[in-house]
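Trainee: Structure, please.
(chains A and B)
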Amino acid sequence: METQTNRLEILADKFLRHLGNLKIFLQLLADEVFYTFQYLKKRRGIYPGEVGKQFYFMAYKSFPIVCLITFLVGVTISLTSAAQLKLFGADIYLSWFVGIAMIRELVPLMTGVILAGKIGASVTAEISTMMVLEEIDALKTMGIVPEKFLMVPRLIAITMAIPLLVAIADFVGIFGGVLVARIFLGTPPASFLREMSNIVHLQDFLIGLGKTMIFGWAILISSGYKGFSVERSAEEVGKATTESVVLSISLIILLDCLFAVILY
Amino acid sequence: MEIIKTIDLDIGYGKDLVLEKLNFSIPAGQITIVLGKSGCGKSTLLKSLIGLIPPKKGEIIFKGEKIDFSSEESLHSLYTRIGVLYQNGALLNALTLYENVALPIRMKHQNIQKDVEEHMVYERLSQVGLRESAGKFPSELSGGMKKRGALARAMVLNPEVIFCDEPSSGLDPITSSELDDLLSNLKENLGMTVVVVTHELRSIKRIADRAIVLHEGKMHFSGEYKELLSLSDPFIEAFFLKKGMDND
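Mentor: Residues are numbered from 1 along each chain as shown, chains lettered A, B, ... in the order given. A predicted model of the protein is given here:
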């Protein structure tokens, strides 16, 4: 009986701790929305030139890996689907499948996962190291709000970087499909693209873009949340960085699932 | 005139109480040392005085105004009047030394003229002997240079009080002595109030006007440093004797 009570207590403690963490996460989300609008209105509270620096890191530095991965994903799903479609003599519909799958689903998902690993991990590592080295305390005692000073430039930069990354990733991913269709099915690129344009519309691109944007914000809030939760030990930095990537990817998949329920 | 006063101050983390019933005052224009054994709560007290850890009970009065830890305005008002030198300097690694020192100026006066900013920054960097290193990043500076750079940043907006957390830790005796001289100059030439958390006996002897001694979670002594030396108290005697031997 006593053991059961202890187990219940442990469970209740865990539940309350998770609830507390959720509250902190949501508080940070609300604060960041507020600070971003406050900055856009007053143009104060962040370091001059920081948005450009972050944009360079997020857009330009992420561009090669996003291109490579989405191209490979485009090629892979085209090859897999081409083999199946060929069995039914429905080769021409490969463009439909690749177009919709890449633009609405795979580009947002893969871009999100890449950004979680690249940007999310870097943001958490940077903020948590600053926590350990008392740089965050130093910012506070200079009258600077660290959650604004560090996060707002990154939120603005990712908002500017994602449309570019998504547009390029869509182009490269579909190019992978065009290539497979040309080489393995003999479909001319013009026919592939003409067929695709019958089924893929601007709305699909906007849905993909919107999803990626929300994934990007989720990554940044998750990485900020994990970074600011570190206290004083250096070993927490590595742990927080790993947890931030896991949290970001889990959130991306959860949000993607929610989008699927809402949009289909 | 006292610049900081605490009334029945209890400080701790979570459910743990680290320090209790602290009643002391820090006079303006003097160097006050907070000393005690490692882990006695010196840095915790400092963090509370600079607005980072809200007290569990009691009050901190800064120039006659109670610090309200639940009010952003009250904390912001405190932050504009203090400068802090952290144990490891806490210079932002992504910025050069010049940018680090200019940071408080840029955040407070966003439209400040470039030449005014340069004058303020270089004046402070010259005072700490780092004018030539302005373009270097913190990773290119030695431990002592980082601390002097952090001191320049702490005093760039002419704060009323400078708080220093273990300024001598990790420094050789010569660099440590140079830093002590800088702190003394702040008091002598700029009339600043300086609060130093340390257990380095050499530094204490060189710069202390007043002392607050913490022991076993309580305030053991608060008053003139000379008075502290004349006390016949087993803990104080043991502290100075042991520390003196360590430092020698």
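
Trainee: quick one: stretch A:222-234 near chain B?
Mentor: No. Residues of stretch A:222-234 contacting chain B under CB under 8 Å from any CB of the partner chain: none, with a closest distance of 9.7 Å. Just so you know, the C-beta spots here come from the backbone N, C-alpha and C atoms, and that holds for glycine as well.

Trainee: B:E118: helix or strand, and which one exactly?
Mentor: helix B:114-127 (DSSP states H and E).

Trainee: Repeat that for B:L19.
Mentor: Secondary structure from DSSP H and E places B:L19 in strand B:16-27.

Trainee: Buried ones in that strand, by neighbour count?
Mentor: Residues of strand B:16-27 classed as buried under the neighbour-count rule (16 or more other CB atoms under 10 Å in any protein chain shown) are B:18-20, B:22, B:24-26.

Trainee: Same check on stretch A:158-168?
Mentor: Using 16+ other CB under 10 Å as the test for burial, stretch A:158-168 gives A:158-159, A:161-162, A:164-166, A:168.

Trainee: Between all of those, which two are separated the most?
Mentor: Pairwise distances across those (CB to CB) peak at 16.3 Å, for the pair A:T159 and A:I168.

Trainee: Please list all residues in contact with the nearest residue to B:L214 once chain neighbours are set aside.
Mentor: Distances taken as CB to CB, 6 or more residues apart in numbering or on different chains place B:G36 nearest to B:L214, at 3.7 Å, with adjacent residues excluded. Neighbouring residues of B:G36 by CB atoms under 8 Å, 6 or more residues apart in numbering or on different chains: B:42, B:199, B:213-215, B:220, B:239.

Trainee: Dump the residues you listed to TSV, plus pLDDT, neighbour count and secondary structure.
Mentor: Output for the contacts of B:G36, formatted as TSV (pLDDT from 0 to 100; neighbours: other CB atoms under 10 Å in any protein chain shown; DSSP: H, G, I helix; E, B strand; the rest coil):
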residue	pLDDT	neighbour count	secondary structure
B:K42	91	24	helix
B:H199	81	21	coil
B:V213	92	23	strand
B:L214	92	23	strand
B:H215	90	17	strand
B:H220	91	19	strand
B:F239	79	20	helix
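
Trainee: on that earlier part again, and of the buried residues of strand B:16-27, the nearest to chain A?
Mentor: Set against chain A, the nearest of the buried residues of strand B:16-27 by CB to the nearest CB is B:V18 (14.4 Å).

Trainee: Let me see the contact set for that closest one.
Mentor: B:11-12, B:41, B:44, B:217.

Trainee: Just those: which are in strands?
Mentor: Among the contacts of B:V18, the members falling in strands (DSSP state E) are B:11-12.

Trainee: CSV for the contacts of B:V18, including pLDDT and distance to A:L22?
Mentor: Output for these, formatted as CSV (pLDDT from 0 to 100; distance: CB to CB, whole Å):
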residue, pLDDT, distance to A:L22
B:I11, 94, 29
B:G12, 92, 26
B:G41, 90, 32
B:T44, 92, 29
B:G217, 89, 35
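
Trainee: which stretches of chain A have low pLDDT?
Mentor: Counting by pLDDT under 70, the ranges of chain A that qualify are A:1-2.

Trainee: Would you map the helices across it?
Mentor: A:2-42, A:50-55, A:63-87, A:94-100, A:107-115, A:121-132, A:135-141, A:146-149, A:151-180, A:189-199, A:202-228, A:235-263 (DSSP state H).

Trainee: Over to chain B?
Mentor: So, for chain B - with DSSP H - the helices run B:42-49, B:72-79, B:97-108, B:114-127, B:143-155, B:173-190, B:201-207, B:225-230, B:234-247.

Trainee: other SSEs contacting the shortest one?
Mentor: The reference is to helix B:225-230. strand B:210-215 (3 or more CB pairs under 8 Å, 6 or more residues apart in numbering or on different chains; DSSP states H and E).

Trainee: which residues are contacting the strand it packs on?
Mentor: Residues outside strand B:210-215 that contact it (CB under 8 Å, 6+ apart) are B:19, B:24, B:26-27, B:30-37, B:40-42, B:45, B:204, B:219-225, B:228, B:235-236, B:239.

Trainee: Pull the CA coordinates from that strand and hand them back as PDB.
Mentor: Output of strand B:210-215 as PDB, limited to C-alpha atoms (Å, rounded to 0.1, in the frame of the first residue of the first chain):
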ATOM      1  CA  ARG B 210      34.700  48.100   5.600                       C
ATOM      2  CA  ALA B 211      33.900  44.400   5.800                       C
ATOM      3  CA  ILE B 212      30.900  42.100   6.100                       C
ATOM      4  CA  VAL B 213      31.700  38.600   7.300                       C
ATOM      5  CA  LEU B 214      29.400  35.700   6.600                       C
ATOM      6  CA  HIS B 215      29.600  32.500   8.600                       C
END
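
Trainee: Just want the angle from that strand to strand B:16-27.
Mentor: 170 degrees (axes from the mean of the first three to the mean of the last three CA atoms, to 10 degrees).

Trainee: Between helix B:42-49 and strand B:210-215, find me the angle.
Mentor: 120 degrees.

Trainee: Get me the contact residues on chain B for chain A.
Mentor: B:47, B:50-52, B:76, B:79-80, B:82-84, B:86-88, B:90-93, B:95, B:103-104, B:106-108, B:110, B:150, B:153.

Trainee: Could you turn the buried ones of the residues you listed into a PyMOL selection?
Mentor: Those of the residues of chain B next to chain A that count as buried under 16+ other CB under 10 Å are selected in PyMOL with:
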select buried, chain B and resi 47+50+51+52+79+82+83+84+86+87+88+90+91+92+103+104+107+150+153
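
Trainee: I'd like the buried residues of strand B:16-27 as JSON lines, with pLDDT appended.
Mentor: Below are the buried residues of strand B:16-27 laid out as JSON lines (pLDDT from 0 to 100):
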{"residue": "B:V18", "pLDDT": "92"}
{"residue": "B:L19", "pLDDT": "93"}
{"residue": "B:E20", "pLDDT": "92"}
{"residue": "B:L22", "pLDDT": "93"}
{"residue": "B:F24", "pLDDT": "93"}
{"residue": "B:S25", "pLDDT": "93"}
{"residue": "B:I26", "pLDDT": "94"}
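
Trainee: among those residues, which two are most distant?
Mentor: Most distant of the buried residues of strand B:16-27, by CB to CB, are B:V18 and B:S25, 20.6 Å apart.

Trainee: how about the residues of the stretch 1-150 of chain A near chain B?
Mentor: Checking the stretch 1-150 of chain A against chain B by CB under 8 Å from any CB, the hits are A:43-45, A:47-48, A:130, A:133-135, A:137-144.

Trainee: which of these count as buried?
Mentor: Buried members of the residues of the stretch 1-150 of chain A next to chain B, scored by 16+ other CB under 10 Å, are A:47, A:130, A:133-135, A:137-144.

Trainee: Pop the domain breakdown of chain B in here.
Mentor: B:14-81+B:160-248, B:92-158 (automatic domain parsing).

Trainee: Return the member of the ones you listed having the minimum mean pLDDT.
Mentor: Least confident of these, judged by mean pLDDT, is domain B:14-81+B:160-248 with a mean of 88.

Trainee: ok now that domain, how far from the chain's centre?
Mentor: 7 Å (CA atoms, centre = their mean, to the nearest Å).

Trainee: Where does the stretch 151-264 of chain A get nearest to chain B, residue-wise?
Mentor: A:E231 (9.7 Å).

Trainee: buried ones in stretch B:142-159?
Mentor: Using 16+ other CB under 10 Å as the test for burial, stretch B:142-159 gives B:144-157, B:159.

Trainee: quick revisit: relative to the strand holding B:L19, what are the paired strands and their orientations?
Mentor: strand B:2-13 (antiparallel) (DSSP bridges).

Trainee: For the strand it pairs with, buried residues please.
Mentor: For strand B:2-13, using 16+ other CB under 10 Å, the buried residues are B:3-7, B:9-12.
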